[in-house]
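J.: Sequence first, predicted coordinates after that:
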Amino acid sequence: MGLRIGIVTIQGAVDKHRRALERLGAEVSPVLRKEDLERLDGLVLPGGESTTISMGLERHGLFEPIQAFAAGGGRVLGTCAGAILLARESRNHPVRTLGLLDAVDRYPPTAIRLWYLRKHYRSPLEFSEEALEDAANTLDRLWSFRRRARDVFGEADDDALGRFRSAMEDDLNTAEALAVLFETVAEGNRRFDAGEDAASLVATYDEMVAILGLEEPAIHLGDIADELAGLAGRSGLEAEGDAGDIIEALIAAREQARRDQDFETSDAVRDGLAALGVVLEDTADGTRWHRR
């Protein structure tokens, strides 16, 4: 006997999911009551409209039973709107969710977006912790390129941008579009390393990541301002200016300590900033920082 899979039948592509599961040898049954969850191996929440499905789950008293089913080891798959309802919260339009999917608590939401974009939307996606970890690391490398050029502006490279747009217009081929973005970043880094002008590639990068929704979030430091001031005081500095100014002063103090071979002090500054989520990157062009 195959796996026993239930499908929540409130709304969505129920028949398509049923046929696909039956082709795989599963024994499929509808779920509209908590009793329908008994003896199931897995559950599917198909796509549809998340608000409507959420209201239906509440009306049929299924929220707590599904949560208990998952807590007891039952596997739950959500597609499209179903995936939204698995999340801990829905930020764009508030609906009650099941709170079963915690990926956004452990990985930046933009990294999850990049993971999706790496495959054509018609191609299957294979979820794994390793894939999300790799997406997060890749995203940080992309952002690191832009951090090298905080004050660099120019006109976009027509050839690279043209290839990027062609890929996006080819049935939304995001995988190919990302390949153009990665090529742009690699060439931009090469130019920076060689002391050459990379302004056009920086501008191209900005346009691409804006279209893909992969921009690095704006840095906010207000929640750690007091801790930064305390770290500055312990490092013998006056906490002057805003939080960003304090970080720059701490970096300068660390550089001086390294020149004086006072590695205990330089390590204390680095570790103190890291504890607050401020990461230092030592490069040939000096020390850059960003917030994790």
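T.: Alright, I've got the coordinates.
J.: what about the helices in the stretch 151-292 of the chain?
T.: In the stretch 151-292 of the chain, the segments counted as helices under DSSP state H, counting those that start in this stretch are 158-169, 174-193, 199-212, 225-234, 243-259, 263-275.
J.: could you dump those helices to CSV with mean pLDDT, distance to residue 15 and mean neighbour count?
T.: Where C-beta positions appear, they are placed from N, C-alpha and C, glycine not excepted. Listed next are these as CSV, based on pLDDT from 0 to 100; distance: least, CB to CB, whole Å; neighbours: other CB atoms under 10 Å:
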stretch, mean pLDDT, distance to residue 15, mean neighbour count
helix 158-169, 96, 32, 16
helix 174-193, 95, 29, 18
helix 199-212, 95, 33, 19
helix 225-234, 84, 55, 16
helix 243-259, 86, 55, 17
helix 263-275, 88, 53, 15
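J.: Now do the buried residues in stretch 129-143.
T.: Neighbour-count burial for stretch 129-143 flags 132, 135-136, 138-140, 142-143 (criterion: 16 or more other CB atoms under 10 Å).
J.: again but with stretch 60-69, I slipped
T.: Buried, per 16+ other CB under 10 Å, within stretch 60-69: 60, 62-63, 65-66, 69.
J.: Same question for stretch 94-102.
T.: Per 16+ other CB under 10 Å, stretch 94-102 contains these buried residues: 95, 97-98, 100-101.
J.: In this structure residue 199 contacts residue 156, no?
T.: No: look at residue 199 against residue 156 with CB atoms under 8 Å: they stay out of range, at 9.7 Å.
J.: which one of the buried residues of stretch 129-143 is nearest residue 186?
T.: Proximity of the buried residues of stretch 129-143 to residue 186 (CB to CB) peaks at residue 142, which lies at 10.6 Å.
J.: Look up which helix or strand residue 141 falls in, please.
T.: Under the criterion of DSSP states H and E, residue 141 resides in helix 129-147.
J.: circling back: same list (the buried residues of stretch 60-69) but as TSV, adding pLDDT.
T.: As requested, the buried residues of stretch 60-69 are exported to TSV (pLDDT from 0 to 100):
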residue	pLDDT
60	93
62	92
63	91
65	92
66	91
69	90
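J.: mind listing which of these are in helices?
T.: 63, 65-66, 69 (DSSP state H).
J.: Summarise which helices and strands the helix holding residue 141 is packed against.
T.: Here helix 129-147 touches helix 109-117, helix 174-193, helix 199-212, strand 286-291, going by 3 or more CB pairs under 8 Å, 6 or more residues apart in numbering; DSSP states H and E.
J.: Provide the contact partners of that helix at residue level.
T.: With contacts defined as CB atoms under 8 Å, 6 or more residues apart in numbering, helix 129-147 is touched by 103, 106-108, 110-112, 114-115, 118, 181-182, 185, 188-189, 202, 205-206, 209, 214, 216, 281, 288, 290.
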